[in-house]
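Chemist: the following comprises the amino acid sequence and a computationally predicted model.
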Amino acid sequence: MHPVLIRIGSFPLGTYGLMLALGFMAALWLAKHLGRQDGLSADAMVDLSLTVLIAGILGSKLLMVVVDMVNGAPLSQVFSLGTLRAGGAVHGGVLAGGAAFLWRARKLRVHMGRAFDAAANAVPLGQAIGRLGCLAAGCCYGAACNMPWAITFHNHEASIPSDKIGDPLHPSQVYFALSNLAIMAALLFFRRFRKFPGQVGSLYFILEGCCRLVLETWRGDADRGFWFNIQWLSTGRATALVFILIGAALWAWSARAAKRAGS
């Protein structure tokens, strides 16, 4: 585990930030490639991707702040430098990025459904690479594990609590990365059989939500928060349910839009 990649004077350059940057570049490349297949300009996809990136960073941090405040964290901790450096809650970033995407796509007057499909195919690739940053930083760590593939953390500079250092844990970050790659592969395969624009993007939300519902089982970081005093209902599961509903609604809306355009 290497939470700090290098130090420039007293300023630490985190591995997490580097992996987020690499994830964005990889996702941008894939979005441009798929966008060109659907007749979308590379400039439009870059514009949309940068808009999603900025909104995603703000949305992920906002959800993290909300969860911390709901959990009763002191304001000095909620708005600390550590919070500013933290990546935040990924689903908050996806939701904010999705809303910003819709707004910007309208402004650019690009085909909404096709751009949505291209971007949604690329998002899980960026997520998968970003999860490797989580592994390096020690955040989003897993629950106790007695399986042969359990991992232990030893670096006290990491985000993991000191009482978890040296304990065998589920490599939840790897689970999430693999699930994101599986989602990307499924979307790329399904893309060849889509019946209307927007169908692939809708499927992303459904698959991401379903995978998150299951994978939360092996998460061990209590700071992600729980809702209504229900231990099963973590923030990840709550947003996963929202994702599934959004995906189903977008699927129905995209199908109706395609039907109206064809009539």
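Modeler: Received it, and whenever you're ready, just let me know what you need. Keep in mind it's a predicted model, so treat the numbers as computed, not measured.

Chemist: pull the distance from the host helix or strand of M64 to the chain's centre.
Modeler: Using DSSP states H and E, M64 maps to helix 42-70. Between the centre of helix 42-70 and the centre of its chain there are 10 Å (CA atoms, centre = their mean, to the nearest Å).

Chemist: mind giving me the packing neighbours of it?
Modeler: If you count contacts as 3 or more CB pairs under 8 Å, 6 or more residues apart in numbering; DSSP states H and E, helix 42-70 packs onto helix 15-37, helix 75-78, helix 81-85, helix 90-108, helix 112-137, helix 235-262. Every residue, glycine included, has its C-beta placed from N, CA and C.

Chemist: next, the angle from it to helix 235-262.
Modeler: 150 degrees (axes from the mean of the first three to the mean of the last three CA atoms, to 10 degrees).

Chemist: got the buried residues for helix 42-70?
Modeler: 44-45, 47-49, 51-53, 55-65, 67-68 (16 or more other CB atoms under 10 Å).

Chemist: now do stretch 227-246
Modeler: Residues S234, T235, G236, R237, A238, T239, A240, F243, I244, I246 are the ones in stretch 227-246 that count as buried (16+ other CB under 10 Å).

Chemist: redo those residues as CSV? Include distance to G9 and pLDDT.
Modeler: Listed next are these as CSV, based on distance: CB to CB, whole Å; pLDDT from 0 to 100:
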residue, distance to G9, pLDDT
S234, 38, 87
T235, 36, 84
G236, 36, 86
R237, 42, 91
A238, 41, 89
T239, 38, 89
A240, 41, 92
F243, 41, 94
I244, 46, 97
I246, 44, 95
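
Chemist: low-confidence ranges, the stretch 151-263 of the chain, go.
Modeler: Where the stretch 151-263 of the chain drops to pLDDT under 70, the residues are 156-158, 262-263.

Chemist: for the residue nearest in space to the middle of the chain, give its distance to N146.
Modeler: Nearest to the mean C-alpha position of the chain, by CA atoms, centre = their mean, lies V90 at 3.9 Å. Going from V90 to N146 by CB to CB, to the nearest Å gives 28 Å.
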